[in-house]
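K.L.:
Below are the sequence and a predicted model; questions follow.
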Amino acid sequence: MGAGAPLLSSLTRFGFLTLPNYSLIAVSAAIEACRMANYVAGREIYAWQVLTPDGKPAKASGGLTLGPTEALNAASGFDVLFVCGGVDVRQAVDRRTLEELRRVARRGLPLGALCTGSFALAEAGLLDGYRCAIHWENLGAIREEFEAVDFADDLFVIDRDRFTCSGGSAPIDMMGAFIEARLGRPTAERMSEQFVLDRLRGGTEPQHAPLRSKRLHHPALEQAGALMARTIGAPLTVAAVAARVGLSPRQLERLFRHHTGMGPAEFSMTLRLDHARELLRQSDLAVTAIGAASGFVSSAHFSAAYRRRFGHAPRAERGPTRPVPLPLSSVPLSETLS
């Protein structure tokens, strides 16, 4: 739990700033964890407010709204503010919202974020020098954009007076840390049991990123895949990857083809191009910079590889309507790592 543990026990009144297209499940998970803690404790300990930039209910990404709501600039009585993001968070954050967040920070109130809400705090300059979490889909883009912020692939991060977590059900785990700090581990566990959860996860547990679903059902392949993911910007050769995991290139090739249906070079190219697509969709970086960040030494090579993988040029990802990618099996991938 770290240095934030003493502060956690003192925080009981939560403001949830819901931005347009926020993740309803993330906000609901956090609020329900507080409600259930009150229930199992047998008394009202936690309170919450749903806030919006203008006081009008904001639509979640699924089209629903939460209420009643109050405008952030008129709200009071909360002792920590969570910024709640979702899809298209960049479009949901305007200058007025950033100024309001800075105003809250100047008051000395702790700040947090759910799902992609960390983008808003980073854009406001309120995460510089902090370690924090954000939904895995946004990690690559936001790391490139905010170099002063240490974004982690963790479920949630508590760093001094900043409390950030990924989306989905992760807010239950983070709020469990608040509940444990004030009411003890048994109460936090009883809260999770009420939601039919087998356990509360720790903040340092990794998010379920796509790499874990790519059928790497072998220890050496898991190591190789993780190594490729860490070196996307400067990809290693197949021989170098094989040596790092204690295999020969031929053994690595055979394992990859048996478990994934593709060779290690093709697998690495898939990771790099998926990373590039994420940056194209989630950041304002130049296409050439995205190619370099994805390990391509020339724009022409990047564009050709991208077109083979997705059936269109990289720039098409930023058009008014994004194209539907072709199935992976229908586009041959390059067998080279560079």
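P.N.:
Nice, I can see it.

K.L.:
all contacts plus neighbour counts: C-alpha atoms, from now on.
P.N.:
Noted.

K.L.:
Name the residues of the strand or helix carrying residue 226 that are buried.
P.N.:
Residue 226 belongs to helix 219-230 when assigned by DSSP states H and E. Within helix 219-230, the residues scored as buried using 16 or more other Cα atoms under 10 Å are 220, 221, 222, 223, 224, 225, 227, 228, 229.

K.L.:
after that helix, next one along is what?
P.N.:
helix 238-244.

K.L.:
Show me what that next one packs onto, helices and strands only.
P.N.:
If you count contacts as 3 or more Cα pairs under 8 Å, 6 or more residues apart in numbering; DSSP states H and E, helix 238-244 packs onto helix 219-230, helix 249-260.

K.L.:
which ones are touching the residue nearest in space to the middle of the chain?
P.N.:
Nearest to the geometric centre of the chain sits residue 135, at 1.4 Å (Cα atoms, centre = their mean). Applying Cα atoms under 8 Å, 6 or more residues apart in numbering to residue 135 gives the contacts 115, 116, 165, 166, 167.

K.L.:
any idea of the mean pLDDT for the helix holding residue 226?
P.N.:
What helix 219-230 shows for mean pLDDT is 87.

K.L.:
So what touches the helix or strand encompassing residue 121?
P.N.:
Take DSSP H and E as the rule and residue 121 turns out to sit in helix 117-123. Applying Cα under 8 Å, 6+ apart, the contact partners of helix 117-123 are 82-86, 89-90, 93, 98, 101, 112-113, 127-128, 132-134, 142, 146, 149, 164.

K.L.:
Inside strands: which ones of those?
P.N.:
82, 83, 84, 112, 113, 132, 133, 164 (DSSP state E).

K.L.:
Could I get those residues in CSV, plus columns for neighbour count and pLDDT?
P.N.:
Listed next are the ones in strands among the contacts of helix 117-123 as CSV, based on neighbours: other Cα atoms under 10 Å; pLDDT from 0 to 100:
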residue, neighbour count, pLDDT
82, 25, 98
83, 27, 98
84, 30, 97
112, 27, 97
113, 29, 97
132, 27, 95
133, 31, 93
164, 32, 97
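
K.L.:
now for those, which pair is the farthest apart?
P.N.:
84 and 132 (14.4 Å; Cα to Cα).

K.L.:
Now the element after the least confident helix or strand in the chain by mean pLDDT, going C-ward?
P.N.:
For the chain, the helix or strand with the lowest mean confidence is helix 5-8, at a mean of 77 (criterion: mean pLDDT, DSSP states H and E). Using DSSP H and E, the next helix or strand after helix 5-8 towards the C-terminus is strand 13-18.
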